[in-house]
Structure formats: C-alpha cells, structure tokens
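Undergrad: model this:
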Amino acid sequence: MKAKPVMPTAESLRKQIEARAYMLWERAGRPHGRHEEHWNQAEKEVLSEAKAPRRKKVKATPKPPSKKSGTPKKT
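TA: Below you'll find the model as predicted:
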C-alpha cells in the first residue's frame, strides 16, 4: 500500500516563502523597496518545488571487492 504524498500546510508554505524571499533579498544586496519582487520570486520557486514529484532516495550499493589476479594464498 503506497502512502499518499504529504501536502505542506499553508502556514509551512508561507514560512518557506518568507525564508526564500529573505535569502533572495540578501543575495540582491538588501535593496530597499523590492520586497514584492523577492516575495513573488520566492513564491514561484517554493510552489514549483512543492508541486514537483518527490524522488525516492536510493542508497548507494557497495561495490564488491575487486578480485586480484593470481593464485589464492595458502593457509
């Protein structure tokens, strides 16, 4: 039975957007008067990430030990 994907709540999305907008504002050099631009960009990014299908994490399988050529050691 597959588990349904968990949709983020409106409050968690708002917090993610707020954090992303702040990051964008800082990267732009903290300009005055461009808060709507940063908010809209952050909202676009966060919502597109929320809609994107989640990829299942795959553990890397260890490589088998390499076989050295030659005769096995006698014990």
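
Undergrad: measure the residue nearest the centre of the chain to Arg34 for me?
TA: The residue lying closest to the centre of the chain (CA atoms, centre = their mean) is Glu49, at 8.2 Å. Counting by CB to CB, to the nearest Å, the gap from Glu49 to Arg34 is 22 Å. Glycine gets a C-beta too; all of them are placed from N, C-alpha and C.

Undergrad: cool, Met7 as well?
TA: Taking CB to CB as the measure, Met7 falls 30 Å from Arg34.

Undergrad: so for the two, which residue has more residues nearby?
TA: Neighbours per residue (other CB atoms under 10 Å) separate Met7 from Arg34, with Arg34 holding more: 14 against 10.

Undergrad: right, and the more buried one touches Leu24 too?
TA: No: the pair Arg34 / Leu24 is not scored as a contact, 9.2 Å apart, by CB atoms under 8 Å.

Undergrad: let me see the backbone angles for Trp39.
TA: Backbone torsions of Trp39, given as degrees, to the nearest 10, read phi -60, psi -50.

Undergrad: residues contacting it?
TA: Counting by CB atoms under 8 Å, 6 or more residues apart in numbering, Trp39 makes contact with 17, 21.

Undergrad: distance check, it against Glu49.
TA: Trp39 is 16 Å from Glu49, by CB to CB.
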